[in-house]
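A.B. asks: sequence and predicted structure below; questions after.
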Amino acid sequence: MVEPVSELDHPEAGANRGELRETAIAVSRLRKQYGTKTALHELSLTVYRGEVFGFLGPNGAGKTTAVKLITGLARPTSGEGTVLGRPLGDRAARGRLGYLPELFRFQDWLTAAELLDVHGRLAGMPTSQRRIRAAELLDLVGLADRSRDRVGSFSKGMQQRVGLAVALLARPELVILDEPTSALDPIGRRDVRGIIQRLKSEGVTVFLNSHLLSEVELVCDRVAFVNQGQVVSEGLIEDLVSDRLELQVRVDQLTLGLLTELRKRWRVVEHAADRVRLAVDRADDAGEVARVVLGHGACLLELSPQRSSLEELFLELVEGGPHGGLDVRPADAAGGDSQ
């Protein structure tokens, strides 16, 4: 069995150094085979109680398979793990987690209030508690005035909102959200961010799988990048991106000769007709970059340090084409429908 992990073994996981932190999810060498196809290859992962954890990867990386194993919807071919201190698939542990899958379908003939009542009964909640909790959650997700409307009349964004209410109904200790904002507009995504931050303040662990990395960057404490069924990088967001120093260089004209010279000395992240972004090792490289630019007779219009984004780190890690199946639009620019 996987033993609870101490923060002494992973000091980056918490703010208070030396504090022992209990794990919400701890899996080791999880493997899932479907016939001859390997969907998950020896996945090892630790999520601590009370944190918001981002689980990131391109399409086909094994994220959905991993979530199925964590929630007990599938059994691993090999490997082991615990969820809330209990073995994977344990019935008691499953009763203490809430889950919003990416693809879901509710009984469309039920009203929003009736849907929550059904799920409350399945969770063993008393009648009076179900009604109070349902009203509270429908208000939280912005559907208080639609509680008597049938779910079948809801837009996709509204169905995603009611799905989030279902996931939170039984006051779970661990909430697993799979693309919770994919159908929401910027207002809806802001509301979900607020709900996630509220859950964290209440000590609830949130496991978030999302393609909107700008959203992840706003709410998550730690993230893991998974590719081809394995974790390729894991840690605090600020630690993962702070070591990546880049310089934004803008000139009157970026000639081929200048670009070639810059490429010889530094890695070119991206470039356009009048600008280039370079990955450098030290801040002191800025002076050398300026000398190279001026040496080629170009007029230096801008030379500024840039913070590398989670999206750029992801693309570099997975190397899955230009975007690896990822939605790299800003969080408030991707389309959606929260109404």
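C.D. replies: Arrived safely.

A.B. asks: low-confidence ranges in the stretch 151-300 of the chain?
C.D. replies: Of all residues in the stretch 151-300 of the chain, those with pLDDT under 70 make up the ranges 241-244.

A.B. asks: swap in 90 and give it another go.
C.D. replies: Applying pLDDT under 90 to the stretch 151-300 of the chain picks out residues 151-152, 154-160, 170, 178-194, 209-219, 224-248, 253, 265-288.

A.B. asks: so where do the helices sit in it?
C.D. replies: With helices called from DSSP state H, counting those that start in this stretch, the stretch 151-300 of the chain shows them at 156-168, 186-201, 213-219, 237-242, 256-265, 285-295.

A.B. asks: turn these into TSV, columns for mean neighbour count and distance to Arg29.
C.D. replies: (C-beta placed from N, C-alpha, C; glycine too.) Below are those laid out as TSV (neighbours: other CB atoms under 10 Å; distance: least, CB to CB, whole Å):
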stretch	mean neighbour count	distance to Arg29
helix 156-168	23	28
helix 186-201	17	29
helix 213-219	21	25
helix 237-242	15	23
helix 256-265	13	40
helix 285-295	15	41
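
A.B. asks: run a quick neighbour tally on Val206.
C.D. replies: 26 (other CB atoms under 10 Å).

A.B. asks: show me the contacts for it.
C.D. replies: By CB atoms under 8 Å, 6 or more residues apart in numbering, the contact set of Val206 is Glu51, Val52, Phe53, Leu174, Val175, Leu177, Ile196, Leu199, Lys200, Val219.

A.B. asks: okay if I get these as JSON lines plus distance to Gln159?
C.D. replies: As requested, those are exported to JSON lines (distance: CB to CB, whole Å):
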{"residue": "Glu51", "distance to Gln159": "28"}
{"residue": "Val52", "distance to Gln159": "23"}
{"residue": "Phe53", "distance to Gln159": "25"}
{"residue": "Leu174", "distance to Gln159": "23"}
{"residue": "Val175", "distance to Gln159": "18"}
{"residue": "Leu177", "distance to Gln159": "15"}
{"residue": "Ile196", "distance to Gln159": "19"}
{"residue": "Leu199", "distance to Gln159": "20"}
{"residue": "Lys200", "distance to Gln159": "25"}
{"residue": "Val219", "distance to Gln159": "22"}
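
A.B. asks: now the two most distant members of those residues.
C.D. replies: The largest distance within those, taken as CB to CB, falls between Leu174 and Val219 and amounts to 15.9 Å.

A.B. asks: excluding chain neighbours, give the residue nearest to Val269 in space.
C.D. replies: Arg277 (4.3 Å; CB to CB, 6 or more residues apart in numbering).

A.B. asks: just to check, that neighbour is in contact with Val268?
C.D. replies: Yes. The criterion here is CB atoms under 8 Å, and Arg277 meets it with Val268 at 7.3 Å.

A.B. asks: quick one on the thing from earlier: from the contacts of Val206, which is closest to Asn59?
C.D. replies: Looking across the contacts of Val206 and measuring by CB to CB, the closest to Asn59 is Leu177, at 17.7 Å.

A.B. asks: looking at Arg277 and Val268, which one has more neighbours?
C.D. replies: Neighbour count, other CB under 10 Å: between Arg277 and Val268, Arg277 has more, with 19 against 14.

A.B. asks: and for Gly257, nearest residue in space, chain neighbours not counted?
C.D. replies: What sits nearest to Gly257 in space, not counting adjacent residues and going by CB to CB, 6+ apart, is His296, at 6.0 Å.

A.B. asks: number of residues surrounding that neighbour?
C.D. replies: His296 has 17 neighbouring residues, counting by other CB under 10 Å.

A.B. asks: mind checking how far the nearest residue to Val292 once chain neighbours are set aside is from Ser210?
C.D. replies: In space, not counting the residues next to it along the chain, Val292 is nearest to Glu261; the distance is 5.7 Å by CB to CB, 6+ apart. As judged by CB to CB, to the nearest Å, Glu261 and Ser210 stand 39 Å apart.

A.B. asks: redo the helices of the stretch 151-300 of the chain as a markdown table? Include distance to Asn227.
C.D. replies: Output for the helices of the stretch 151-300 of the chain, formatted as a markdown table (distance: least, CB to CB, whole Å):
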| stretch | distance to Asn227 |
| --- | --- |
| helix 156-168 | 27 |
| helix 186-201 | 25 |
| helix 213-219 | 14 |
| helix 237-242 | 15 |
| helix 256-265 | 26 |
| helix 285-295 | 29 |
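
A.B. asks: among those, which is nearest Glu80?
C.D. replies: Comparing these against Glu80 with CB to CB, the closest turns out to be helix 156-168 (25.9 Å).

A.B. asks: may I have the closest one exported as CSV, CA atoms only?
C.D. replies: Included here for helix 156-168 are C-alpha records, laid out as CSV according to Å, rounded to 0.1, in the frame of the first residue of the first chain:
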residue,chain,number,x,y,z
LYS,A,156,-24.4,23.4,-22.0
GLY,A,157,-23.0,26.1,-19.7
MET,A,158,-25.9,25.9,-17.3
GLN,A,159,-25.7,22.1,-17.3
GLN,A,160,-22.0,22.4,-16.4
ARG,A,161,-23.1,24.7,-13.5
VAL,A,162,-25.6,22.2,-12.2
GLY,A,163,-23.1,19.4,-12.6
LEU,A,164,-20.7,21.4,-10.3
ALA,A,165,-23.5,21.7,-7.8
VAL,A,166,-24.1,17.9,-7.9
ALA,A,167,-20.3,17.3,-7.3
LEU,A,168,-20.4,19.5,-4.2
